[in-house]
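Quick one, what's the 3D model for this:
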Amino acid sequence: MKKIASLILAAVMLCSLCFAFGSCSGKDDNVLYMATNAAFPPYEFKEGDNFAGIDVEIATEIAKKLGMELQIADVEFGSIIGGVSTGKYDIGMAGMTVTDERKQSVNFSNTYATGIQVIIVKDGSPIASLDDIFVFDE
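Below you'll find the model as predicted:
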């Protein structure tokens, strides 16, 4: 019984080392794997079969600086952080907002874009501020 437990423990340790150092992942060490959701122009989108956008351009330059080839996977937005945190992807870029919850799973670069959200209304609308949206007639 002790031999079986020792073998299982050794296998778990080996898998942990492979995961930690990427030596058993099957990933090419010369490829930077990026996860994105290519539905958020101008940050990332598809032009035919190719990826384009601000995040794609930044990732391309990062890969060049590292002497690597960039490979992009178009995935569901909600799976990007999980894919990066498990090592399936090296980086995730998808016009992502930094939140405390997300920071618990992955590291973020310095912010390189600030999104400003606005609401547009027809000229002459009674809505002049955000507070006006939450005023309901009873």
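
where does the chain have low pLDDT?
Along the chain, segments meeting pLDDT under 70 span 1-26, 135-138.

need the strands for it, in chain order.
Secondary structure of the chain, counting by DSSP state E: strands at 31-36, 39-40, 44-47, 50-52, 69-74, 91-92.

how about the ones you listed, which one is nearest T99?
In terms of C-beta to C-beta, the element of the strands of the chain nearest to T99 is strand 91-92, at 13.7 Å. In short, each C-beta sits where N, CA and C put it, glycine included.

buried sites along stretch 73-87?
Neighbour counts over stretch 73-87 (16 or more other C-beta atoms under 10 Å) mark A73, V75, I80, I81, G82, G83, V84 as buried.

Hmm, I91 and the last one touching each other?
Yes - in this structure, V84 is within contact of I91 by C-beta atoms under 8 Å, at 6.6 Å.

Now do the shared contacts for the two.
Counting by C-beta atoms under 8 Å, 6 or more residues apart in numbering, the contacts common to V84 and I91 are A35.

Kindly reformat the strands of the chain as a markdown table and extend each row with distance to Y112.
Formatted as a markdown table, the strands of the chain follow (distance: least, C-beta to C-beta, whole Å):
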| stretch | distance to Y112 |
| --- | --- |
| strand 31-36 | 15 |
| strand 39-40 | 15 |
| strand 44-47 | 14 |
| strand 50-52 | 17 |
| strand 69-74 | 17 |
| strand 91-92 | 13 |
